[in-house]
Each structure stands twice: as structure tokens, then as C-alpha cells.
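Student: Pasted the sequence and its predicted model underneath.
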Amino acid sequence: MPVVAPETHLLLAIAIPFTGALLIPLFHRQPNLREAVTLTTAAVLAVTVWSLLPQVLAGARPEARLADVMPGLTIAFAVEPLGLLFALVASSLWIVNSIYSIGYMRANQEPRQTSFYVCFAVAIGATMGLAFSKNLFTLFLFYELLTLSTYPLVTHKANDEAIRGGRIYLLLLIGSSMLLLLPAIAATWYIAGTLDFKLGGILPAGLDATLIAGLLALYVFGTGKAAVMPLHFWLPAAMVAPTPVSALLHAVAVVKAGVFTVLKVIVFVFGVDTLSSTGAAGWLVWAAGGTVLLASLIALRQDNLKKRLAYSTVSQLSYVVLAAAILTPVSVVGAALHIAAHAVSKITLFFAAGAIYTAAHKTHVSELDGIGWRMPWTMSAFAIGALAMIGLPPTAGFLGKWFMLSGATQTGQWLPVAVIVASTALNAAYFLPIVFRAFFAEPVRAHAAGAAASHDDDHGEAPWPMVLALSLTAAATVLLFLAPDTALSLAKLMLEPVTR
Amino acid sequence: MSKLAEHLPILQVVVPLLAALLCALLRRGSLAWALALAVSWIMPVIAILLLQRVLDGGVISYRLGGWAPPWGIEYRVDLLSAFVLVLVTVVGAAIMPFARRSVAHEIEGDKQAWFYTMYLLCLTGLLGITVTGDAFNIFVFLEISSLSTYVLIAMGKDRRALLAAYQYLIVGTIGATFYVIGVGLLYLVTGSLNIVDIAARLAPAAAETSRPVFAALAFLTVGVSLKLALFPLHVWLPGAYAHAPSVATAFLAGTATKVAVYVLLRLIFSIFGVAIAFDTLPVSEVLLTLSVAAMFIASILAVFETDVKRVLAYSSLGQIGYITLGIGLANVPGLTGGIVHLFNHALMKTALFMSLGAIVYRIGTIKLADLAGIGRQMPLTMAVFVVGGLALVGVPGTAGFVSKWYLAVGAFDRGWWPLVFLILVTSLIAVVYVGRVVEVAWFREPSSFAAGAKDPPLSMLLPMLALAAATIYFGIDTEASAAIARRVAEGLIGGLK
């Protein structure tokens, strides 16, 4: 057993990233020390979060209470399997992402690196708070903090495009959360008299189905981070951020915070049974299914690699929402698994995109002909990530889809099945050509004269920290398929009443 | 000591008044500042002691010169007045350390002592209004605070400050006149000037002849609304805030309008609401309509301003709209939201205006375009601005969220869902006007003004950091803010007829 009490452990997991954020600026003038602080913080955090795992698997649910803000509004935390799974993924990937960041930020000579690392640490802290929140108020608090702390990262380049992207990002995310999510939370408090998450839901029985459906809509669209159309615009706009930000925040922390919130609300505020008996989530299948397909169709037409990845993310996020909307235990497990699976595989794809940008200064799919032979590690990792997006074994992407499909077929919901099948084909259609181009197309020769006209001939792999990072996450993508036990048991535990 | 404790209500007013006289005799700005600082730091001690006594033992009634009310003047400190006393004195105490350098920078040497004299008089007036239980005495203190405010504003660097002060002088005088007419009408029908006494005598009088009573309500409300800058009686405020010296703006934004709101609360809940059935008073409808208009129009105007001081001035108008909205809701949660927002808004707006004062101190301008890149040069100053801005928006974890939550619950309680939505939409407009400044300050290349600027000295930095920290603190622990505001609201609503 650990020396410290589980409650302390829990609070530490939230405090550690914020402490890191305070320490990083002290080493503003010593970049090596500064990065050492980031890496140490990330490592300590990951160890702390992982050490919560055995206790949770054994049935413990540590809780901690920070402050009573107002009657009924409490800042409190509780470790719950789904939240732990999310926290595990985010904290572990933060280490890898920090290694990658160091390579990327230095190789691209990005300005203002100290504030970059500070905001990053705050964003991770917000993610931890969100993952471990015990009630809707705490979740909302950290949800907003996550938006605010990532805004300076989106505008990091400080040019007109970045500022414009930042505006869309901030207004859409804050706007949706203020206008829809907050009223939803207030209404929940008003109706249920509590904001604490509880398995099976907290809403009183006998509510009107229309009211439930309306409330659910407020939650789903209020959680702009889940990027259910038409509230997805912020995600492509956020791609102006440096790639490590896109990779960890806009493929893992921020967007997963969105679908995590939706999943959490469906399971712990409404209750799966309430929703399925009233049929109040029927529309959500259509909304999420539509997003899955539409976003894939848009992704097909994107030549900018990061934009294509962003639309793919929009599509993949709605898988999670769709799986939750199917409302069977199996599909909800699939939703939880997909949060983890998509995280490790999408971060790999972004890492690869950033590596290509750093080594070859290329940003568009059409420029990638033959690049696979110059950057074999990068493009192999990319290929693994692409397989996961399509949902093929031996990658993690297969798991989530499998559970979703079995959940849908068991209950005879053929619409989601059709969506998943169609979207799998679409995923293949926009990912496989990239892999094909990279390895089997003739490299395009630059036409311009002059020695510095082209990087086609004179680049290899990106700096080693980046290659290391993307190899690690690619390996994790495969590993999660081969050894899904931890993720699977957490996902299943989520739906079981506390045994202790 | 206990002898002294009995006289706390009058000390709250007499100490700054005497200090003002003394200050007028001092020639040196730094001496005058030291005196003002000492007084400003004694004041919150008295206010907090009073609050403590009210919390423990209920309303304090103090007879001026030993004359019994209703013939003599009564100073009457209840929970509401104690709460406002703490608010005003804390803002004063936070500003004074900041003031020395800012005033020395913006105001000529021989006028600095006058500035502090006027500040102390203004403080006297504001505290007097809050502490007295006499309707005519309120008028006297209102004039003391107003006249000194006109001078404070006129001391602005720019000649436009004179115009702004003159505008406010005219509008303020009209407001005061209206107030006196209202008090006169009340005196006609009740024969009393003591608030408690008026309230007791008003019910039979109103049953007999209601027209003069309603006329009194109208005159009083309009008069006070001019003072608190309720839309559409706000026209004086943006100019006054924009051109007054930074310290004066920060002080007035935090206190003057708040005390005017206090008077409005007194009128509605301690006089008219006690005597006449609240539902028959045309207060709620008028306040709600004007508040929502203020929230929207002022916030939108703030978006299009290029002078950051004016942005914040318009924002204040919108925020005052939230406060009067809470009064208009007239239920416990709504009124709690309005009253706690008095306090919360005082904290955040003072912090915001102080950060602008620090920028003026360093670069001499607060035009939006000139602030390009200032965030990197003066990171702590702009951090204060960001925290204050987030609180204006009402982000959870800041004091602004607490106010808005109560307001929203108040609207829910009335079953007015669309109103909740309107509150939130205006919050979103605040994102835009705060975001504009943040964007320019952090993501633009430094302007010629900003280059080379750095954070102000600690004497200026610490007070505003403290207020920014308080803005966050009172977003997390509301024991000293919302909990008291709630008791105040319960008391006021409970006293209604």
C-alpha cells in the first residue's frame, strides 16, 4: 500500500500539474532545466495516477472535498473508473508529448516556450480535475479552465491566422458552455436538487420525455468540446496551434474531455436505463451518426494534413457519442475504450504530421509522395495510426468499434451499424491514400531552381525525441489491442455499483 | 474600550471628515497621502467591527448627540449597511497604497494634497450615507460625496476632465434635487425624516392619499438612479470614469455607484416595501426592463470602444444592470445575487481600473492600439486585468460566477427561463470586450509605447494583486460574501409587506 492516504493521492494528482506550472517559469532562462521540470512533473503525475489504479480495481473509490462554494455547489473529487481511465491516458501521454514537444519546439525555434509549457501544464491540471470531478459543478469549473488555458496555446504563433483561430476557439467553446451547458447544469440542480454523479442517474423518476430529451440536447451541444456538428468549427480552427498542442490537447485532453463529459452525463446524470426507457436519446443517434459521416466526407476533401486529421477527430469523437447513445452496457464500454484507443492512435498521427512539418516543412497531403522512404519510422507509425482510425486489428481502434457494433446488433439498432460500416469505408478512403503516397508514389521533384528550393532531397527523420515519441505511441496503439485488460476492466467497472 | 465601541458608527464618519480638514491644511502631497492612508486603513477595522457586532447582536442604533429618534438624527447600522461599509472601506484601503505613485504621476505637486482632501471627503460622504438612518441626512452626505467627486474628476490630466466633471455636476445636481423633492413629499405625508419612522407612518398615509406617495417613489427612484447610473440615466458615467485620475476612477467605480444602489435598496425595501404591498409598487417591472437594457446596450457599446477605460466604464453600466436586476427579481436568491454582486463587482472593477492605472503610470496611454504587446512587458499587471476580466465574464472559480449563479437561480425561481438566457448572453458579450483587450495586449507586436515598459513598483502591484486574489478567493469561499448577502436578502424580503 502507498504511504499516503488515497484521498491525498487524489488531491496530489490534481495539484502536481499546477505545481509544475508554477515551477516552470522559475527556469525561464535555463531551457534544459525548464524542460526537466516539465518531464519530471509529467512523470510524477503519471506515477501518482497509475498508483490509484490497483485501489480502484480492488473496489476503492477515493474521494476528497476541497471547498463548499455555495449551498449545493461543492468542489469535490472522486476517483471513478471512467475518470481514472481518462486520467491514465492523459497523464501517460503527457510524458510522451513532452518529449515530443522538446524536439518540436526547439527544432522549429518557436518563440515564448516558457509560457507554452506553463499553459500546457495548467491544461493537464484542468484535465485531471475534470477527470476526477465528483459533481457537475467541479466538472464545469475545470472544463472552463481547460478552455482558457488552451486558448493561449492556440494563439501561440500570434499571427493573424492564429488570432482568428483563437477567437473561434474561445467564442465557440465558452459560448456553448455558457449558453447551453451552464443552464443545463442549473436546470439539473433545480430539478434534481443535487449535482453529484451517481450511477443510474440523479434525475427524479417520471420526468417528461421531451424535457429529458431537451436537457440532453443542452448537455450534448453545450459540451462544445465533444464537437458534435454543428459545433465542430473550433477544432479545425485550433489547428493553427503548434503540433504538440494539436496532438495532446486537440486529439486527447480537450476533445476527450468533451466526450468524457457527454458519456459521464449520460451514465451518471441521466442514467442509461432512464434514457432507453423514455427514448429521449433517439435523436442523439442521428446527430452523432450524421457527424460521423459528414465529418468524414469533409475530411476526404482536405489536402492540409492537420485539417484532415482534425475532421477525422470530429468524426471519431462522435463514435463515442454514438456508442453512448446506443445505450447498452456493451456499447458504453465501447465508448470508454474508444476514448483511450483514439487517444493513443490520433496522437500518433499528429506526432507524425508534426515530424513531417519539422523535417520536410510539408503540410499538405499532396506533397507527401515518396516521403515514407525518407522517414520510415514516422510513416510506419502513421500507418499504424491510420489502421486504428479505420478500426482494423492489430490496433486499438478495433476494440471500441467491436464493442459498439456488438452493442448495436444485440439490440437490433441498425442505424448505428450502418453508420459505423459506412464510416469505416470512408476512414479507409482518406487515410490509406496517404500511406500509399508515402511509400509507393514517385517523389515529386521541385521545379524551382536554386539550392534551397526544396527539402525533398536533403531531409531524413525529424529530431530523435520526436521519432521516439511517435514510436512509443504507435507501439501503445498496438499494445492496447494486444493487452486491453486494464482499459477493459476499468470500462466495465464503470457500470458496476461500488462494491466496497 | 467598550466606551469607544459604542461610538463606532459616528467614528466611521467623523474620522475621515476631520482628517479631510487636516488634510486641507497640509501642503505636501506625501504627508496628505500618509494621512489618507492611515485613515483608509483604520476605516475597514471600524467597519468590520461593526459588521461583527451586527452579526452577533443585531441592528445598532446610535443617537447623534443623545437625541432620541425620530427627532434627533439616528445612525442605524444593520446587516446591509455594515456589508456596504466593509465594501467601501476595503476598496479605499486597497487603493491608498497604490495611490501615492499614481497620483504623483498624474496630478501636479501643489494639487496632490487637495486630491487626498477630496478623496477623504468623498469617503466621508459615502460612509455617512450608509451609516445614517435619516432620509434627509442621506441627502447631506450625498451632496458631500457628490461635490467632492466633481472635484476628483476635474483633477484629471486632460481638459476633457473638466467637461466630464461639469456634465456630472449638472446631472448629479438634478439627481440630488429629485431626491430632495422625494424626501420632501414623504415628509409632507408622514411628518418624519427618520427612515424607520417614515416606514411606520407611510402605510396609513398611503391608504389615505396614495398619489404623493407614488410621486415620492418616482422622484426618489429617478434621483438615485441618476447617481447609480441606471440605464438610460447613465450618460455622465463613461466620460467621468474615462477622464478622472486613475485612482479616482478606481475608487469611484468600486464605491460610489454601489452606495447609490444601497440607497435604492433602502428606499425600496426599508420604506416603500414595508409600508405598501410590494406587488402594487411599479418597481420590479421598471427595474427589470431597464436592467436588461443596461446589460445589453452597455455591454455592446463596450465592445466598440477603443479607449480601454471607457470599455470598463460601459462594462460597469452593464454590471450595475446585473445588480438592479437582482433587486427587480425581488426574491431571496435574486436579491442575494444583486447584493453580493455589489461586493464582487467592487473587487473586480477596482482591480481592473488599478491595472489600467498602472499602465497609465508606465506608458501614459490606455488607447487600445497603444496597448499592443503590453501583456509581455507588464505580465503581472495584465494578469490582474485578465483575472478581473474573467470575473466580469463570470467564469466559475471567480467571484463573478457566484453573483450570476444566484441571479440565475432567482430567475429560475420566478420561472423566467429566458431571463437566465439573457444573463448568459451578456456574459458572452463580456468575453468579447475583455478578449479584445487581451488579444491586443498579448498577441500583437509591442507598440512604441509598450516597448520597454515593465510592471509597476510593488506599492502599486501588491494592492491590485491582492484584489485579484480576492476576486478568485470569493469565487471559491463565499462565507464572507454570499452567505452574508443571503442573510441581508432574507431580512429585506422578509420585511416586505
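Tutor: Structure received.

Student: outside of stretch B:417-427, which residues touch it?
Tutor: A:178-179, A:182-183, A:186, B:288, B:292, B:295-296, B:299, B:318, B:321-322, B:325, B:393-394, B:404, B:407-408, B:411-412 (Cβ atoms under 8 Å, 6 or more residues apart in numbering or on different chains). (C-beta placed from N, C-alpha, C; glycine too.)

Student: Repeat the analysis, applying 7 Å as the threshold.
Tutor: Residues outside stretch B:417-427 that contact it (Cβ atoms under 7 Å, 6 or more residues apart in numbering or on different chains): A:178-179, A:182-183, A:186, B:292, B:295-296, B:299, B:318, B:393-394, B:404, B:407-408, B:411-412.

Student: again, but for stretch B:42-51
Tutor: Here stretch B:42-51 has contacts from B:8-9, B:11-12, B:15-16, B:60, B:77, B:82-83, B:85-86, B:89-90, B:92-93, using Cβ under 7 Å, 6+ apart.

Student: Could you let me know which of those residues ends up closest to chain A?
Tutor: Checking the contacts of stretch B:42-51 against chain A with Cβ to the nearest Cβ, the nearest one is B:F83 at 17.1 Å.

Student: The closest one sits in which helix or strand?
Tutor: Counting by DSSP states H and E, the element that carries B:F83 is helix B:79-106.

Student: So which bits of that helix are buried?
Tutor: B:79-103, B:105-106 (16 or more other Cβ atoms under 10 Å in any protein chain shown).

Student: Quick check: residues of chain A near chain B?
Tutor: For chain A, the contact set with chain B under Cβ under 7 Å from any Cβ of the partner chain comprises A:67, A:69-70, A:75, A:140-141, A:144-145, A:155, A:158, A:163, A:170-171, A:174-175, A:178-179, A:182-183, A:186, A:190.

Student: Just the ones of these in strands?
Tutor: Those of the residues of chain A next to chain B mapping onto strands are A:A67, A:V69, A:M70, A:I75, per DSSP state E.

Student: Show me the one in those residues that has more neighbours than the rest.
Tutor: A:V69 (24 neighbours; other Cβ atoms under 10 Å in any protein chain shown).

Student: count of residues packed around A:F440?
Tutor: 11.

Student: dump the residue contacts of it.
Tutor: With Cβ under 7 Å, 6+ apart as the criterion, no residue contacts A:F440.

Student: on that earlier part again, take the contacts of stretch B:417-427 and keep only those in helices.
Tutor: A:182-183, A:186, B:292, B:295-296, B:299, B:318, B:393, B:404, B:407-408, B:411-412 (DSSP state H).

Student: Can you tell me which of those residues is nearest B:L228?
Tutor: B:G318 (13.2 Å; Cβ to Cβ).

Student: immediately after the helix holding B:F83, which helix or strand?
Tutor: helix B:109-131.

Student: Mind giving me the packing neighbours of the helix or strand encompassing A:P244?
Tutor: A:P244 is part of helix A:243-244 when elements are defined by DSSP H and E. On a contact count with 3 or more Cβ pairs under 7 Å, 6 or more residues apart in numbering or on different chains; DSSP states H and E, helix A:243-244 meets helix A:81-107, helix A:329-360.

Student: go again using 10 Å as the cut-off
Tutor: Judged by 3 or more Cβ pairs under 10 Å, 6 or more residues apart in numbering or on different chains; DSSP states H and E, helix A:243-244 is in contact with helix A:81-107, helix A:329-360, helix A:464-482.

Student: any idea which of those is most buried?
Tutor: helix A:329-360 (a mean of 27; mean count of other Cβ atoms under 10 Å in any protein chain shown).
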